[in-house]
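> from the sequence below, what's the structure:
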Amino acid sequence: MPMNLEIYNTLRERILYLEYDPGQILKEQSLAKEFGVSRTPLRTVLFRLEWEHLVKILPRTGIQVMELELNTITNVFQARLELEAVIGTMAAERFTNLHLNQLDACLISCDNHLNHKDPKALAILDMDIKQLFYEAAGNPFLIEMSDRLYSLTFRLWYFNMCKADNEGWNQEVVAIKEDLTDLAGLLPTAAPDQVGKARREHLLKHLKRIRSKFLGLSGL
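Sure, this is the predicted structure:
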């Protein structure tokens, strides 16, 4: 039986955007009733989400949304660092003027986010940047791996952005803008491996910001 993509996308988005709290227990019967389906197609979706490490199926208890664990997320970032360097290198080899124009548009849009806290809008910008590099790299297997790992680190970053004060919010926006400015300068002339190294370095700085904000926050 093919997976119900509508249910999958809805549940995945709720998990990523913290509409379900980390650690929350979901009831299979309630979800089946909400989506108007039997348990069989729902379980196909839940098995996929468990494979992606976004939920854990607990027999006789329910479906637990995975907790946000810094050690686990740090391990995922270590894998992402190398993967993003490869994708950055491959993308740089195939970047067109259209891609550069799209990158410039992302750079310009950063200014719209200063002093205007909207975590979901900033998340969409971050995803647009990733999609731009995915499209240029053109390797579906690397893209699938990268996107899956990205999902495992996204929630902690999003949590931090939801809790950030105006200063912390602007610091993140400025950091994204600085990374884009760096890439916009490198891509037209630099060797592809330099772009890959830059993408790795940007992600490493991103991890350090997440760790710093996480350790400075309470209530998680």
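
> buried residues, stretch 100-107. List them.
Neighbour-count burial for stretch 100-107, counted by 16 or more other CB atoms under 10 Å, picks out 100, 102, 103, 106, 107. Placement of C-beta: from N, CA and C, glycine included.

> what's the closest of those residues to residue 30?
Nearest to residue 30 out of the buried residues of stretch 100-107 is residue 106 (CB to CB; 39.0 Å).

> so where is this protein shaky, pLDDT-wise?
Counting by pLDDT under 70, the chain has low-confidence residues at 1, 214-220.

> quickly list the domain ranges of it.
According to automatic domain parsing, the chain comprises the domains 5-65, 70-215.

> mind listing what the residue nearest to residue 186 when sequence neighbours are not counted touches?
Spatial nearest neighbour of residue 186, chain neighbours left out: residue 195 (5.3 Å); criterion: CB to CB, 6 or more residues apart in numbering. Counting by CB atoms under 8 Å, 6 or more residues apart in numbering, residue 195 touches 88, 89, 91, 92, 183, 186, 187.

> gap between residue 195 and residue 93?
9 Å (CB to CB, to the nearest Å).

> what of residue 186?
Distance from residue 186 to residue 93, by CB to CB: 13 Å.

> looking at the two, which one has more neighbours?
residue 186 (18 against 14; other CB atoms under 10 Å).

> so residue 159 touches residue 68, yeah?
Yes - counting by CB atoms under 8 Å, residue 159 touches residue 68, with 6.6 Å between them.
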